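Chemist: sharing a model prediction with you, sequence too.
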Amino acid sequence: MMRLWGRKSSINVQKVLWCLAELGLKEGKDFERVDAGLHFGLNDTPEFLKMNPNGLVPTLEDGELTLWESNTIMRYLVSQYDKNGRFPKGVSAQYNSEKMMDWQLATFWPPLRTVFLGLTRTPEKDRDYDVIFKGYQTTNSTLGLLDNILSTQDYCSGNQFNIGDIVVALGVHRWVLLNDAFPEKTGPRSELKNVERWLKQLRSETHFGEFADKELNIVK
Ligand SMILES: N[C@@H](CCC(=O)N[C@@H](CS)C(=O)NCC(=O)O)C(=O)O
């Protein structure tokens with residue numbers, strides 16, 4: 001059986017779990033999941049490092065294949081397991097989604113990751129609040145671009161839901177939670193009507209609500 005390594009509180013594991021759910025693959029029946037990372041440990045053992053030398057989750061084992069990098073794992077799952085056409089096919093659908101996945105990794109997430117790590121993983125005495133504030137405000141501007149995209153199409157990946165929406169939505173959800181929990185440290189959060197509409201739509205049409213954090217996981 002396919003095996004996924006990773007704790008449910010990891011945003012990168014959440015991406016994979018949400019994708020599996022959209023594909024109709026069930027934990028315990030179609031794949032098993034092993035809690036790993038943070039207080040669960042395991043990800044620094046020699047056995048784990050043989051599978052993933054980065055010592056990070058998620059890591060997926062499927063038969064002979066071992067994969068790491070959440071976005072790659074999702075691409076693999078869709079290519080192998082989308083038997084019912086949950087995700088759109090065709091060059092333009094695929095690459096409009098790929099574009100958003102690369103944008104999430106390279107542009108959108110890095111400044112927000114600094115905010116997330118600063119506020120939830122760093123002891124108060126070591127925090128750089130200037131960097132945290134700037135990271136959050138940079139993300140506000142970056143998400144203005146997403147809001148514009150969503151003013152002319154239903155999903156960030158195009159007019160159909162795709163895995164690009166999964167990776168971006170989980171990050172946007174953290175952007176909301178960080179401001180809710182630490183408004184005075186992040187500064188104001190931009191009002192983005194189209195982004196709000198899209199998140200609402202994902203909650204009602206997809207498995208988003210099952211995997212997104214209910215609240216920030218704070219470990220310091
Ligand atoms: N680029 C990697 C990043 C993986 C990553 O940073 N994983 C974090 C959790 S989100 C991790 O394993 N942290 C160590 C831990 O949980 O112990 C991916 O997308 O899979």
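Modeler: Done, it's in.
Chemist: quick one: the residue lying farthest from the centre of the chain and residue 220, what's the gap?
Modeler: For the chain, the largest distance from the centre (C-alpha atoms, centre = their mean) belongs to residue 125, which lies 28.4 Å off. Residue 125 is 10 Å from residue 220, where distance means C-beta to C-beta, to the nearest Å. No exception for glycine: its C-beta is placed from N, CA and C like everyone else's.
Chemist: contact residues of the protein facing the ligand?
Modeler: Proximity of the chain to the ligand is confined to 10, 11, 12, 37, 38, 43, 56, 57, 58, 69, 70, 71 under the rule C-beta under 6 Å from any ligand atom.
Chemist: where do the strands sit along this structure?
Modeler: For the chain, the strands defined by DSSP state E occupy 2-5, 31-34, 59-62, 65-68.
Chemist: so which of those strands is the most packed in?
Modeler: Ranked by mean neighbour count, those are led by strand 59-62 with a mean of 22 (mean count of other C-beta atoms under 10 Å).
Chemist: number of nearby residues for the residue nearest to residue 9 when sequence neighbours are not counted?
Modeler: Nearest residue to residue 9, sequence neighbours excluded (C-beta to C-beta, 6 or more residues apart in numbering): residue 217, at 4.4 Å. Number of residues near residue 217 (other C-beta atoms under 10 Å) recorded here: 16.
Chemist: so what's the closest residue to the ligand within the chain up against?
Modeler: Closest residue of the chain to the ligand, C-beta to the nearest ligand atom: residue 37 (2.7 Å). Residue 37 is in contact with 6, 7, 10, 13, 43, 56, 57, counting by C-beta atoms under 8 Å, 6 or more residues apart in numbering.
Chemist: just put these in a markdown table and tack on neighbour count.
Modeler: A markdown table is the format used below for the contacts of residue 37 (neighbours: other C-beta atoms under 10 Å):
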| residue | neighbour count |
| --- | --- |
| 6 | 26 |
| 7 | 20 |
| 10 | 19 |
| 13 | 25 |
| 43 | 20 |
| 56 | 19 |
| 57 | 26 |
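Chemist: between these, which is nearest residue 133?
Modeler: Ranked by distance to residue 133 (C-beta to C-beta), these are led by residue 10 at 25.2 Å.
Chemist: help me confirm that the closest one comes into contact with residue 57.
Modeler: Yes. If you go by C-beta atoms under 8 Å, residue 10 and residue 57 touch, sitting 5.4 Å apart.
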